[in-house]
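K.L.:
Need a 3D model of the sequence below.
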Amino acid sequence: MPITPATATHTPSSGTDEAILLELVDEDGVTTGTAEKLAAHQPPGQLHRAFSVFLFDERGRLLIQQRALGKYHSPGVWSNTCCGHPYPGESPFAAAARRTFEELGLSPSLLAEAGTVRYNHPDPVSGLVEQEYNHLFVGMVQAPLRVDPEEVASTAFVTPDELARRHAEDTFSAWFMTVLDAVRPAVRELTGPSAGW
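P.N.:
Predicted structure coming up:
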């Protein structure tokens, strides 16, 4: 069932990405407070809510994105279709739909929850830390992309074999393999066994 673009009701008060508030959580994903985005990612990192979206085309290929070079965290690396953080009080599903539309101009079809994963991944380049309680989502791409160049440098649809080759040759986000491994059971249900995920 198609979803429509979500409009953020918790728009950040400042224009700077670092000033956005994130929702801090405990190990069970229960909200404990808020922190500014940059502060939450400073070592050793504060555990916060995040989401990761994996969208596929009708051939079962995964849409991956290269993060824009202007991003302060993990610029220029490849990662899953879309990832980010809900605003405090915003549901992860609404945030996933909102950011997918903002970054890629897409309203995903059949967007569905696919579990959660908790991880701690330092970024070796920036020195920032991803301490995240990540909500996973899978869905389909059924419309042309309209990419925001401020967010996304490039995109590609890849098969599992093509992804393996790219992963060996290019730089991917520190969290990519963790979230991909966690979402695989839901991906297999969505794409079918013949896609090879």
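
K.L.:
longest helix anywhere in the chain?
P.N.:
helix 176-191 (DSSP state H).

K.L.:
Now that helix: buried residues?
P.N.:
Buried residues in helix 176-191, counting neighbours by 16 or more other C-beta atoms under 10 Å, are found at 176, 178, 179, 180, 182, 183, 186, 187, 190, 191. Where C-beta positions appear, they are placed from N, C-alpha and C, glycine not excepted.

K.L.:
Tell me the predicted confidence for the fourth one.
P.N.:
According to the model's per-residue confidence, residue 180 sits at a pLDDT of 98.

K.L.:
For the protein, which segments are assigned as helices?
P.N.:
Using DSSP H, helices in the chain cover 37-41, 92-104, 160-169, 176-191.

K.L.:
among the ones you listed, which is nearest residue 151?
P.N.:
Closest approach to residue 151 among the helices of the chain is made by helix 92-104 (4.3 Å; C-beta to C-beta).

K.L.:
For this structure, just list every one of the strands.
P.N.:
Taking DSSP state E as the test, the strands found in the chain are 21-25, 31-36, 48-56, 62-67, 78-79, 82-84, 109-122, 129-140, 152-158.

K.L.:
Of those, which is nearest residue 171?
P.N.:
Closest of those to residue 171 is strand 78-79, at 6.9 Å (criterion: C-beta to C-beta).

K.L.:
Now that closest one: average pLDDT?
P.N.:
Strand 78-79 shows a mean pLDDT of 97.

K.L.:
hang on, the earlier thing: turn the strands of the chain into JSON lines, columns for distance to residue 90 and mean neighbour count.
P.N.:
As requested, those are exported to JSON lines (distance: least, C-beta to C-beta, whole Å; neighbours: other C-beta atoms under 10 Å):
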{"stretch": "strand 21-25", "distance to residue 90": "8", "mean neighbour count": "22"}
{"stretch": "strand 31-36", "distance to residue 90": "11", "mean neighbour count": "14"}
{"stretch": "strand 48-56", "distance to residue 90": "9", "mean neighbour count": "26"}
{"stretch": "strand 62-67", "distance to residue 90": "21", "mean neighbour count": "22"}
{"stretch": "strand 78-79", "distance to residue 90": "21", "mean neighbour count": "20"}
{"stretch": "strand 82-84", "distance to residue 90": "11", "mean neighbour count": "25"}
{"stretch": "strand 109-122", "distance to residue 90": "15", "mean neighbour count": "16"}
{"stretch": "strand 129-140", "distance to residue 90": "11", "mean neighbour count": "23"}
{"stretch": "strand 152-158", "distance to residue 90": "21", "mean neighbour count": "16"}
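
K.L.:
With distance to residue 164 added, can I get these in CSV?
P.N.:
Below are the strands of the chain laid out as CSV (distance: least, C-beta to C-beta, whole Å):
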stretch, distance to residue 164
strand 21-25, 32
strand 31-36, 36
strand 48-56, 16
strand 62-67, 12
strand 78-79, 13
strand 82-84, 20
strand 109-122, 20
strand 129-140, 19
strand 152-158, 9
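
K.L.:
which residues does the residue nearest the centre of the chain contact?
P.N.:
By C-alpha atoms, centre = their mean, the chain has its centre lying nearest to residue 83, at 1.4 Å. Under the criterion of C-beta atoms under 8 Å, 6 or more residues apart in numbering, the neighbours of residue 83 are 50, 51, 52, 53, 99, 134, 173, 175, 179.
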